[in-house]
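A.B. asks: following is a predicted model, sequence given first.
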Amino acid sequence: MFTERQDEKVKDKLGRNINYLRISVTDRCNLRCKYCMPAGVLDVCHEEILRYEEFLAVCGTAVRLGINAFKITGGEPLIRRDIIPFMAELKAMDGVRAVTLTTNGIYLEEHLPELVRIGIDGINISLDTLDREQFADITGTDGLSRVVTALTATAESGIRTKVNAVMLRQTRSQILPLAALAETMPVDVRFIEVMPIGIGRFERGLTEDDALAVLQQKYTDLRPDGGTHGNGPATYWKSEDMRGSIGFIAANTHKFCDACNRLRLTSAGFLKSCLCYDLGVDLKAVLRGKAGGTLEGAIAAAIGKKPQGHCFGEREEITEGKTMNQIGG
């Protein structure tokens with residue numbers, strides 16, 4: 001057994017508190033972002049996707065192990081039928097501290113009143129560019145105006161709102177326009193280095209240092225913001241000109257594995273202990289009686305397999321062959 005219960009926290013073999021589970025409820029998406037879900041990627045068949053009651057069984061067990069924060073991702077989670085009632089049930093589960101959502105924003109505005117009603121704890125909106133033609137080229141859809149409208153409405157609703165912008169070579173010119181969103185709205189704008197997973201292995205994007213050099217030319221008072229902005233590994237910077245903050249998730253160039261607190265559950269029920277390896281446990285086999293043991297034991301086993309750190313800097317060591325939509329954003 002590699003886990004240890006201390007003060008309602010589950011620890012891995014290196015003593016890291018594992019309290020955060022990212023749940024992909026679908027591998028499907030209404031966009032086709034080139035670095036995430038390029039053309040030709042096959043959908044997982046419906047029968048292989050976990051049912052909501054199976055997700056809830058996993059979450060209930062995770063809570064008993066001390067995991068209390070959950071991120072709902074995809075694919076695009078808002079395209080799955082009855083996703084709001086599922087999140088409401090998870091949010092109401094005893095012991096759950098936070099339920100947040102990551103979405104591409106296309107269907108967000110129509111679901112926003114329900115998300116406010118269930119008390120969602122935060123919404124992350126994926127938005128790599130504010131240039132309409134560039135948005136359509138990256139995503140395959142002319143949907144920028146819908147995303148920006150949803151972003152504005154979400155920020156005004158009082159829900160903690162973040163923008164996730166993957167730093168592609170072609171979007172260098174968008175660093176300042178995206179950062180300016182944090183001036184006009186109470187949102188955090190987070191710049192993310194391209195994960196070398198799936199097609200991302202062949203995409204050499206910008207780094208945190210590249211973006212900081214651009215930002216500091218305009219925001220000369222930009223300084224580290226030591227506040228807590230959620231459950232993940234982002235580091236934040238602040239300027240007096242901003243209502244929100246600027247964040248970075250720089251897994252390639254600024255390794256943060258020593259503080260990693262997360263697991264990832266794919267829509268097909270595979271519990272991953274690290275993004276870049278194919279290590280983990282098939283919870284679906286346990287849930288559907290095709291493997292022995294208990295969910296608690298299986299989750300504990302996944303935590304036990306959590307490596308010391310990722311290998312994004314040594315891409316030949318990456319063993320994960322799935323695309324990001326298949327793993328979960």
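C.D. replies: In hand now; what should we look at? Numbering: from 1, shown residues only.

A.B. asks: going forward, measure contacts and count neighbours with C-alpha atoms only.
C.D. replies: Fine.

A.B. asks: pull the number of nearby residues for residue 220.
C.D. replies: For residue 220, the count of nearby residues is 10 (other C-alpha atoms under 10 Å).

A.B. asks: what's the answer for residue 22, then?
C.D. replies: Residue 22: 24 neighbours (other C-alpha under 10 Å).

A.B. asks: tell me the bridge partners for it.
C.D. replies: residue 71, residue 264 (DSSP bridges).

A.B. asks: isn't it right next to residue 74, touching?
C.D. replies: No - Residue 22 lies out of contact with residue 74 (C-alpha atoms under 8 Å); the separation is 9.7 Å.

A.B. asks: wait, what's in contact with residue 208?
C.D. replies: 191-193, 248-250, 253 (C-alpha atoms under 8 Å, 6 or more residues apart in numbering).

A.B. asks: I should have written residue 26 there, sorry.
C.D. replies: By C-alpha under 8 Å, 6+ apart, the neighbours of residue 26 are 49, 73-77, 80, 266-267.

A.B. asks: same thing but 6 Å
C.D. replies: When contacts are counted by C-alpha atoms under 6 Å, 6 or more residues apart in numbering, residue 26 is found next to 74-75, 267.

A.B. asks: show me where the stretch 101-250 of the chain has strands.
C.D. replies: 122-126, 161-166, 187-192, 223-225, 235-238, 246-249 (DSSP state E, counting those that start in this stretch).

A.B. asks: using JSON lines, lay out those together with distance to residue 149 and mean neighbour count.
C.D. replies: Listed next are the strands of the stretch 101-250 of the chain as JSON lines, based on distance: least, C-alpha to C-alpha, whole Å; neighbours: other C-alpha atoms under 10 Å:
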{"stretch": "strand 122-126", "distance to residue 149": "11", "mean neighbour count": "22"}
{"stretch": "strand 161-166", "distance to residue 149": "13", "mean neighbour count": "25"}
{"stretch": "strand 187-192", "distance to residue 149": "14", "mean neighbour count": "26"}
{"stretch": "strand 223-225", "distance to residue 149": "28", "mean neighbour count": "14"}
{"stretch": "strand 235-238", "distance to residue 149": "25", "mean neighbour count": "20"}
{"stretch": "strand 246-249", "distance to residue 149": "21", "mean neighbour count": "26"}
